[in-house]
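S.K.: Provided below for reference: sequence and predicted model.
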Amino acid sequence: MNKSHRTGKQKAVLFPDQLRATEDLGQNLLLARKRRKLTRKALCERTGLNKGTVARIEKGDPGVSMGHYVRVLAALSLLDDLSKVGQNDELGRKLQDIQALGEHR
């Protein structure tokens, strides 16, 4: 029995483009940390996370909890960026428009 069955947690299985997106996020967080001239140790101290977890986040590991990513975003003063996800939902608006046009026929 693997660990995920014992703990009740499921490992995230991602398609290649989804995995690239998490890797891009990790790289962006790494760059943000470096731009701020923070060491990994300093980021660990600010977040309360260990070096291994921060390293996994900076690699975009989808197995790290969303909460840990949020702690890193907050420590880098980037938490407001999270609220922008889905803000400009072009596909959703197009679907609403299609539905609205269909209701008036």
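M.R.: Arrived safely. Note that the structure is predicted; figures quoted are calculated from it, not measured.

S.K.: just the helices in this protein please.
M.R.: For the chain, applying DSSP state H gives helices covering 3-7, 16-35, 40-47, 51-58, 66-75, 79-82, 90-103.

S.K.: need the ones you listed in JSON lines with mean neighbour count and mean pLDDT, can you?
M.R.: Bear in mind the C-beta positions are built from the backbone N, C-alpha and C, glycine included. Output for the helices of the chain, formatted as JSON lines (neighbours: other C-beta atoms under 10 Å; pLDDT from 0 to 100):
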{"stretch": "helix 3-7", "mean neighbour count": "9", "mean pLDDT": "53"}
{"stretch": "helix 16-35", "mean neighbour count": "14", "mean pLDDT": "98"}
{"stretch": "helix 40-47", "mean neighbour count": "16", "mean pLDDT": "98"}
{"stretch": "helix 51-58", "mean neighbour count": "18", "mean pLDDT": "98"}
{"stretch": "helix 66-75", "mean neighbour count": "17", "mean pLDDT": "98"}
{"stretch": "helix 79-82", "mean neighbour count": "12", "mean pLDDT": "95"}
{"stretch": "helix 90-103", "mean neighbour count": "9", "mean pLDDT": "92"}
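
S.K.: Look at the closest residue to G26 other than its chain neighbours and say how many residues are nearby.
M.R.: Sequence neighbours aside, G60 is the residue nearest to G26 in space, at 3.0 Å (criterion: C-beta to C-beta, 6 or more residues apart in numbering). Neighbours of G60 under the rule other C-beta atoms under 10 Å: 20.

S.K.: Can you check the pLDDT for G60?
M.R.: Per-residue confidence (pLDDT) for G60: 97.

S.K.: I figured it was touching D24, is that so?
M.R.: Yes - at 6.7 Å, G60 and D24 qualify as touching, with contact defined as C-beta atoms under 8 Å.

S.K.: got a list of what V70 touches?
M.R.: 79, 82 (C-beta atoms under 8 Å, 6 or more residues apart in numbering).
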